[in-house]
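Enquirer: sequence and predicted model, in that order:
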Amino acid sequence: MLNYGLDVHKRYTTYCVMDDSGVILKEGRCANDELLRLPALSWKVKEERRAVMEAGGNWYHIYDLLEPVVGQLLLAHPLRVRAIAAARVKTDSIDAKTLAHLLRSDLIPEAYVPPAAVRELREMLRYRLDLVKQRTALKNRVHALLAKEGLMPPLKYLFGRSGRQWLEELPLTPRKRLELDGFLSVLSCIQEHVHEAESLIQDQAASDPQAQLLTTIPGIAALTALTILSEIGDVDRFPDADHLVSYAGLAPRVHSSGGKTRMGHITKQGPSALRWALIEAAHIAVRKPGRLQDKHRRLRRGKNAAVAITACARQLLVTVYCMLKRGDAFRPDGSSAGFMPSEVA
């Protein structure tokens with residue numbers, strides 16, 4: 001069996017070909033678009049070749065490129081690889097050798113590879129989220145411009161029809177008018193693309209039974225439900241809810257030594273989009289009567305608002321896990337472990 005350690009970068013890949021005994025047969029570097037023409041990839045038959053690469057920023061393309069030509073292709077978790085094989089001297093060549101050694105020893109900490117459909121949905125949702133962030137930044141720039149001029153909007157929502165009319169009638173200098181019109185023009189363009197993305201997302205949610213199931217939870221609409229589902233992927237890969245909470249980065253850090261254990265802040269090592277969706281949903285869910293609202297009120301007596309909402313988001317994720325595993329809808333009073341049979345599922 002040939003083991004290929006691949007240190008993938010944006011434009012090139014450093015590779016190391018190693019046999020099962022640890023002997024290096026070939027190593028070097030090539031451009032990413034030349035990987036399939038690499039002579040080292042033509043050695044032996046497909047079933048006698050396996051490769052590993054780290055989950056970097058461009059792993060989608062390289063993974064889809066190499067999967068048909070190797071018998072087994074693994075995606076390594078970067079943080080765990082670093083913990084297993086920390087080195088004082090770090091180069092691309094050393095990284096490729098390390099990956100090859102870990103592969104031949106069956107010590108690769110694998111990362112989850114979602115199916116193509118899940119990856120596509122995840123990218124669409126993140127695209128929409130990026131647009132919303134840019135839209136928010138532009139609105140803040142408009143408010144900052146008005147504050148510098150000492151102008152206070154008479155409307156609560158400045159960017160509706162009445163607000164836009166008020167902005168157009170402001171007595172501004174030519175330079176300030178140029179800035180304001182530029183911000184508003186870009187804002188309108190971004191808003192149009194946000195609507196297009198949301199329309200596609202709504203259509204996807206309407207045909208997804210699991211998304212419809214999650215929308216029975218207060219605070220979770222179609223967009224939030226699809227965000228949670230796309231970031232989780234296959235829920236069956238988590239043996240219990242605690243593993244899912246840890247994956248989402250909502251589990252607290254644990255410092256244990258000498259018989260003393262201290263709990264710290266959450267790890268924040270999972271997908272940030274998943275944490276964002278859960279915390280946004282928790283802000284709304286705690287307004288509705290039920291176990292989550294009771295938990296929030298109890299925590300607010302001794303902890304600050306951020307800690308209380310984070311704990312509620314963690315509890316919400318546990319609820320999501322149970323609902324997806326059982327196919328049951330949300331019941332706010334908590335009877336029957338908080339669930340009831342759902343016609344939606």
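Expert: Thanks, I have it.

Enquirer: mind splitting the chain into its structural domains?
Expert: Domains of the chain are assigned by automatic domain parsing as 2-104, 116-207, 211-341.

Enquirer: can you put those in JSON lines and add distance to residue 110?
Expert: C-beta here means a position set from N, CA and C on the backbone, and glycine is covered the same way. Output for the domains of the chain, formatted as JSON lines (distance: least, Cβ to Cβ, whole Å):
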{"stretch": "domain 2-104", "distance to residue 110": "6"}
{"stretch": "domain 116-207", "distance to residue 110": "17"}
{"stretch": "domain 211-341", "distance to residue 110": "11"}
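
Enquirer: want to throw the ones you listed into JSON lines with mean neighbour count and mean pLDDT?
Expert: Below are the domains of the chain laid out as JSON lines (neighbours: other Cβ atoms under 10 Å; pLDDT from 0 to 100):
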{"stretch": "domain 2-104", "mean neighbour count": "16", "mean pLDDT": "89"}
{"stretch": "domain 116-207", "mean neighbour count": "14", "mean pLDDT": "94"}
{"stretch": "domain 211-341", "mean neighbour count": "17", "mean pLDDT": "87"}
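
Enquirer: which strand or helix spans residue 64?
Expert: Using DSSP states H and E, residue 64 maps to helix 59-66.

Enquirer: residues in contact with that helix: which ones?
Expert: 6, 8, 13, 32, 35-36, 51, 53, 73, 75, 113, 116, 119 (Cβ atoms under 8 Å, 6 or more residues apart in numbering).

Enquirer: then it to CSV, C-alphas only?
Expert: The C-alpha trace of helix 59-66 is given here as CSV (Å, rounded to 0.1, in the frame of the first residue of the first chain):
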residue,chain,number,x,y,z
TRP,A,59,-10.0,21.4,0.4
TYR,A,60,-13.4,21.1,-1.5
HIS,A,61,-11.7,21.3,-4.9
ILE,A,62,-8.7,19.2,-4.2
TYR,A,63,-10.8,16.5,-2.5
ASP,A,64,-13.2,16.2,-5.4
LEU,A,65,-10.2,16.1,-7.8
LEU,A,66,-8.3,13.3,-6.0
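
Enquirer: and after that helix, which helix or strand comes next?
Expert: Using DSSP H and E, the next helix or strand after helix 59-66 towards the C-terminus is strand 72-76.

Enquirer: for the following helix or strand past that next one, which helices and strands make contact with it?
Expert: Using DSSP H and E, the helix or strand that follows strand 72-76 in sequence is helix 78-84. Applying 3 or more Cβ pairs under 8 Å, 6 or more residues apart in numbering; DSSP states H and E, we find helix 78-84 packed against helix 92-104.

Enquirer: run through the neighbouring helices and strands of the helix it packs on.
Expert: Here helix 92-104 touches strand 2-8, strand 12-18, strand 24-31, strand 49-54, strand 72-76, helix 78-84, going by 3+ Cβ pairs under 8 Å, 6+ apart.

Enquirer: can you list these in a markdown table and add distance to residue 311?
Expert: Formatted as a markdown table, these follow (distance: least, Cβ to Cβ, whole Å):
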| stretch | distance to residue 311 |
| --- | --- |
| strand 2-8 | 38 |
| strand 12-18 | 43 |
| strand 24-31 | 48 |
| strand 49-54 | 33 |
| strand 72-76 | 32 |
| helix 78-84 | 25 |
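
Enquirer: among the ones you listed, which is nearest residue 170?
Expert: Among those, the nearest to residue 170 by Cβ to Cβ is helix 78-84 (50.1 Å).

Enquirer: now find how far off-centre that closest one is within its chain.
Expert: The chain centre lies 19 Å from the centre of helix 78-84; the measure is Cα atoms, centre = their mean, to the nearest Å.

Enquirer: same check on stretch 232-249?
Expert: Distance, stretch centre to chain centre, for stretch 232-249: 13 Å (Cα atoms, centre = their mean).

Enquirer: now the end-to-end length of it.
Expert: 12 Å (Cα to Cα, to the nearest Å).

Enquirer: need the residues that contact it.
Expert: 112, 114, 118, 231, 251, 266-272, 274-275, 278, 314, 317-318, 320-322, 324-325.

Enquirer: any idea how far the nearest residue to residue 79 once chain neighbours are set aside lies from residue 251?
Expert: Computed as Cβ to Cβ, 6 or more residues apart in numbering, the closest residue to residue 79 that is not its neighbour in sequence is residue 269, at 7.0 Å. Distance, residue 269 to residue 251, using Cβ to Cβ, to the nearest Å: 9 Å.

Enquirer: again with residue 4
Expert: 34 Å.

Enquirer: beta partners of the spatially closest residue to residue 263 that is not a sequence neighbour?
Expert: Of all residues not flanking residue 263 in the chain, residue 252 sits nearest, at 4.6 Å (Cβ to Cβ, 6+ apart). On the basis of DSSP bridges, residue 252 takes part in beta bridges with residue 266.

Enquirer: and the angle from the helix holding residue 64 to strand 2-8?
Expert: With axes from the mean of the first three to the mean of the last three Cα atoms, to 10 degrees as the basis, helix 59-66 and strand 2-8 are set at 150 degrees to each other.

Enquirer: among the contacts of stretch 232-249, which are located in helices?
Expert: Secondary structure from DSSP state H places 118, 231, 272, 274-275, 278, 314, 317-318, 320-322, 324-325 of the contacts of stretch 232-249 in helices.
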